[in-house]
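> using only what follows, build the 3D model:
(2 chains)
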Number of protein chains: 2
Amino acid sequence: MELNEAVAKLKEKNKKLAAYYHAMGVMYYDIETAAPKNAIGGFSDTMAALSEITYKLEVNEENFELLDFLSAHADELDEITRREVEQAQNGLKLLRNVPMEEYVEYQRIQSEASAVWHEAKVKNDYAMFEPHLKKLVEYNIKFAKYAAPEKDPYDYWLNEFEEGFTQDVLDGYFDKVKAALVPLIHKICEKEKPDDSFIYKFYPIDKQRELSQYLMDVIGINKDDCSIGETEHPFTTGFNKHDLRITTHYYENALTYSMYSVIHEGGHATYEMGNCDELTGSPLFGGASCGMHESQSRFYENIIGRSKAFCELVFPRIKEIFPEQLKDVDAEKFYRAVNLAQPSLVRTESDELTYSLHVLIRYEIEKKLMHGELDTKDLPAEWNRLYKEYLGVDVPSDKEGCLQDSHWSGGSFGYFPSYSLGSAYGAQILAHMNKELDMDALIASGNIGKITEWLREHIHKYGQIKKPAELIRICCGEDFDPDYYIDYLTEKFTKLYEL
Amino acid sequence: MELNEAVAKLKEKNKKLAAYYHAMGVMYYDIETAAPKNAIGGFSDTMAALSEITYKLEVNEENFELLDFLSAHADELDEITRREVEQAQNGLKLLRNVPMEEYVEYQRIQSEASAVWHEAKVKNDYAMFEPHLKKLVEYNIKFAKYAAPEKDPYDYWLNEFEEGFTQDVLDGYFDKVKAALVPLIHKICEKEKPDDSFIYKFYPIDKQRELSQYLMDVIGINKDDCSIGETEHPFTTGFNKHDLRITTHYYENALTYSMYSVIHEGGHATYEMGNCDELTGSPLFGGASCGMHESQSRFYENIIGRSKAFCELVFPRIKEIFPEQLKDVDAEKFYRAVNLAQPSLVRTESDELTYSLHVLIRYEIEKKLMHGELDTKDLPAEWNRLYKEYLGVDVPSDKEGCLQDSHWSGGSFGYFPSYSLGSAYGAQILAHMNKELDMDALIASGNIGKITEWLREHIHKYGQIKKPAELIRICCGEDFDPDYYIDYLTEKFTKLYEL
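Down below sits the predicted model:
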């Protein structure tokens, strides 16, 4: 095989896959935002049929040979093609090493577990879910061994979600998080809680829609490239830099839920809109990792969106839209309310300060599960013990406890740390950005575009060309360093709560 | 080849095609209702890639052989499979008979013509479009000869859109339409125009959305099976009987535009929701023909929706939603306003009475074009002459004249008659339904479900299993007969205008 011929074959396959993934992505967006409820049956059938086709495009001897050939000539490839090959090889590691019958069996177990989890959560019945979870854990350990026999299984899975990260790095990271945040949160709990009752007044949805349009403008989203939909659990999806979709959910009695979900999802969209043109149609379009994607969404949501300067910038307009509801509120009061920090039960509803402790708990549990040090039967007790120890809260039921997240039921172990790493990346990026830009002044003057420009140049343009750790080095000129995150939170919340 | 093996192959291919068409259908729905403006580039690329794949699935020797084999054994097939084969053969007639290079050249001409037409319409410049139209006409005549050398070319194209219909039938039909409607419209023009000014007051869009939800309930659409989206030009699309999408467009200053588009599109959706279960995943899912589909949408829109009983049924709720705007209006006044009949320039904005004359004009022109009896250079003059003669209006510009529709620019000749046939089918169906049901009483009591049930049993359940003329025979026990349509319009408008 000639090299240029092999590259052409790869690009041809990528082009086909891009078309399928685009169509499947639009179908997913549609089912979550627009389709009628009963569309789900036909949707599942078609997604299964299309998945089978994409599966066959990737999982065949000819493709394996093609990728092996290209891997052997990696040095002669341009950077994008080389990374495309590396990523494709990574993606096939499991499929090439796990015996087919075990892989198929696992798919069955996974979809069964997912269905049972939904029911178990509603019924608050962990015992019902436990045998399924047990099997998922066993398979994940076994599969990690097939794919990378030289690795600790949890390290294998961590690397799948955040390439380059291991327990070594994460143990050090979470130790610091724990040491700094647990006492900080304890101190805050002793202070008076700021008044946030105005957030829960009645805010008509059509007015909230108007606010969303304004917020998209403020953070600089070109609406010709990005639309907004409505869904149950907000998410973002993107097909190319000129076709992004953010979503939100409006609650009539919670002003800031939709507001910050728009800014958060807007951050995800901004990341992908900033990919360089060369990534259009490439499988490298998107974000470097789950954690890096989350770093950008949280950058917009928390670092920008929950800053004092931002609250001062947008509050007048918010008050204009809701004059009655906010008649006794000013920007300062608003700022304090949206930064209220308090221990809670549910990760997805937790605040900027306590968030990483929720993740830490999951990390510790996953580590033990992957090492056979925790029986799935004992998981609820361990969960509740850790919530009490780190967050000081009593878990009243498993549905608000260890059954709350969908990840494990879908067979994902090792995903959670990315959520927390995202915030830590963000704080480190901020520290370096502040050497070149006056963030507060830019926000105060509504010039968020300048911040986005900086992020585009240092992070967004690379898409998935670089791995997360590489990106941090490119952006900050140093390795990942959790101290920035600890310092950022300590400073922000010490000041806010006058500790 | 064994027959059951061949049938299995056909079904396997149909299943794949259904998945592709489903995905492409959702992408189309999405681009028209939800996607950001700049998504169009990526959308076009992906649609082209998927079209190429479906094309290859159908246009290959193996498939031709399969279909020929199944056609030869048609007698041994069940009705659905037999019709699937027949339809697939019809669909391939052109592709199998037109030399590939001419077919490709035509695709190029077509997409060029379409782009030029858009510009020509904006610029009101027919001369710019004329050479493209000329080529399209030539190719359509030539292609018809390739596909069916024994047929008159216009008969070939008419049959493509409305299987079983020829100029013989349509000449007779349109002669009657012309003879009855032209004098009727003249008489109406001499009467005083009912007051419809209230329709053009300010109607806030969120309130119109509320009205749409109510109207979907009234006509009996299960919202778990059918959602509503917003778009520029309303359309309906459906993927299976549990996943239909209607769309509408809200104008702040036109109450009834969206209202009747919801009922019209709701009629299309109701048709497909009524398909029998056996058609799920079959290419026969949908409506028997363009005309039959239009018969159902217009049945709901005009025969039900513009009846006095319906106006009386829904007006109280409409007035509840818009008490200020409608304070001086009653159901009778509303009924008269939504049935205002008057000659106009634009087909898509024309009323129930004058509609078929717009179609007649296009029919006469197409016939001449397909027979070489009208040079495309002389088309505007002929268009304007016919509008003056039949509708009594002077056409002030080609953009409001012969450039108004997109059909010819897309290479469609023979589609227009279906629009008018739909109304005629509807009137004939109504006459037979009235023998069994008391339509007015059912509507008055809000029992539209009974009407839908009747239509489902006589029309909807068959999907595309039966051809339109067969359906009329099944439903009415007689051949298509245009007199019902003439009688229906004459009676309705004579009464309304007290002629």
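
> domain assignment for chain A?
Per automatic domain parsing, the structural domains of chain A span A:3-97, A:124-499.

> tell me the secondary structure of the spatially most central residue of chain A, please.
Centroid-nearest residue in chain A, with CA atoms, centre = their mean: A:Glu294, separated by 4.3 Å. Three-state call for A:Glu294 (DSSP: H, G, I helix; E, B strand; the rest coil): helix.

> OK, contacts around the nearest residue to A:Lys37 once chain neighbours are set aside?
Of all residues beyond its chain neighbours, the one nearest A:Lys37 is B:Asp224 (4.3 Å), with distances taken as CB to CB, 6 or more residues apart in numbering or on different chains. C-beta: built from backbone N, CA, C; applies to glycine. By CB atoms under 8 Å, 6 or more residues apart in numbering or on different chains, the contact set of B:Asp224 is A:36-38, B:242.

> which residues touch A:Cys276?
A:Cys276 makes contacts with A:461-463, as judged by CB under 8 Å, 6+ apart.

> please list the residues of the stretch 251-400 of chain A that sit near chain B.
Residues of the stretch 251-400 of chain A found near chain B (CB under 8 Å from any CB of the partner chain) are A:280-281.

> quick one: residues in contact with the helix or strand A:Ile188 falls within.
Of the helices and strands defined by DSSP states H and E, A:Ile188 is found in helix A:167-189. Helix A:167-189 is contacted by residues A:152, A:154-155, A:158, A:341-343, A:353-354, A:356-357, A:360, A:363-364, A:367, A:390-392, A:417, A:420-421, A:424, A:480, A:482-483, A:485-486, A:489-490, A:493-494, A:497, A:499 when judged by CB under 8 Å, 6+ apart.

> following it, which helix or strand shows up next?
helix A:205-218.

> what is the burial count for the closest residue to chain B within the stretch 51-200 of chain A?
Residue nearest to chain B within the stretch 51-200 of chain A (CB to the nearest CB): A:Ile53, separated by 8.0 Å. Residues contacting A:Ile53 under the criterion other CB atoms under 10 Å in any protein chain shown number 16.

> can you verify it is assigned to a helix?
Yes - the assignment for A:Ile53 is a helix, going by three-state DSSP.

> elements contacting the helix ranked longest in chain A?
Taking DSSP state H as the criterion, chain A has its longest helix at helix A:3-33. Using 3 or more CB pairs under 8 Å, 6 or more residues apart in numbering or on different chains; DSSP states H and E as the contact test, the elements touching helix A:3-33 are helix A:40-58, helix A:61-72, helix A:79-97, strand A:226-230, strand A:236-240, strand A:243-248, helix B:3-33, helix B:40-58.

> out of those, which is closest to B:Glu470?
When the helices and strands packed on helix A:3-33 are compared by CB to CB, helix B:3-33 sits nearest B:Glu470, at 22.0 Å.

> for that closest one, the averaged confidence score.
Helix B:3-33 comes out with an average pLDDT of 96.

> next: stretch A:341-355.
95.

> contact residues of the stretch 51-200 of chain A facing chain B?
For the stretch 51-200 of chain A, the residues in contact with chain B (CB under 8 Å from any CB) are A:Ile53.

> so where's the stretch 51-200 of chain A shaky on pLDDT?
By pLDDT under 70, the stretch 51-200 of chain A has no low-scoring segment.

> of all the residues in the stretch 301-450 of chain A, which one is nearest chain B?
For the stretch 301-450 of chain A, CB to the nearest CB, closest residue to chain B: A:Ile321, 14.9 Å.

> what is the burial count for the closest residue in space to A:Leu442 that isn't next to it in sequence?
The shortest distance from A:Leu442 to any non-neighbouring residue, by CB to CB, 6+ apart, is to A:Lys450 (5.1 Å). For A:Lys450, the neighbour count with other CB under 10 Å is 16.

> for A:Lys450, what is the enclosing helix or strand?
Counting by DSSP H and E, A:Lys450 is part of helix A:448-458.

> on contacts alone, who are the packing partners of that helix?
By 3+ CB pairs under 8 Å, 6+ apart, helix A:448-458 packs against helix A:255-273, helix A:416-436, helix A:439-444.

> name the residues of the second one that are buried.
Of the residues in helix A:416-436, those buried by neighbour count under the rule 16 or more other CB atoms under 10 Å in any protein chain shown are A:416-433.

> quick one, that helix and helix A:448-458 angle?
Between helix A:416-436 and helix A:448-458, the angle comes out at 110 degrees (axes from the mean of the first three to the mean of the last three CA atoms, to 10 degrees).

> may I have helix A:416-436 exported as CSV, CA atoms only?
The C-alpha trace of helix A:416-436 is given here as CSV (Å, rounded to 0.1, in the frame of the first residue of the first chain):
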residue,chain,number,x,y,z
PHE,A,416,-16.5,11.5,37.1
PRO,A,417,-13.0,12.9,37.8
SER,A,418,-13.2,14.8,34.5
TYR,A,419,-16.0,17.0,35.9
SER,A,420,-13.7,18.2,38.7
LEU,A,421,-10.6,18.5,36.6
GLY,A,422,-12.5,20.8,34.3
SER,A,423,-12.8,23.3,37.1
ALA,A,424,-9.2,22.9,38.1
TYR,A,425,-8.0,23.4,34.4
GLY,A,426,-10.2,26.5,34.3
ALA,A,427,-8.5,28.1,37.4
GLN,A,428,-5.1,27.4,36.0
ILE,A,429,-6.0,28.8,32.7
LEU,A,430,-7.5,31.9,34.4
ALA,A,431,-4.2,32.5,36.3
HIS,A,432,-2.3,32.6,33.1
MET,A,433,-4.9,34.6,31.2
ASN,A,434,-4.7,37.2,33.9
LYS,A,435,-1.1,37.9,33.1
GLU,A,436,-2.1,39.1,29.7
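
> tell me how far it lies from the chain's centre.
14 Å (CA atoms, centre = their mean, to the nearest Å).

> helices and strands around it, which ones?
Using 3+ CB pairs under 8 Å, 6+ apart: helix A:416-436 touches helix A:153-161, helix A:167-189, helix A:290-298, helix A:355-370, helix A:448-458, helix A:468-476, helix A:483-496.

> quick one, which of the domains of chain A is packed in tightest?
domain A:124-499 (a mean of 19; mean count of other CB atoms under 10 Å in any protein chain shown).

> OK, contacts around the closest residue to A:Asn302 other than its chain neighbours?
Closest residue in space to A:Asn302, ignoring its immediate chain neighbours: A:Glu352 at 4.8 Å, by CB to CB, 6+ apart. Each residue near A:Glu352 by CB under 8 Å, 6+ apart is listed here: A:302, A:306, A:339, A:341, A:423, A:489.
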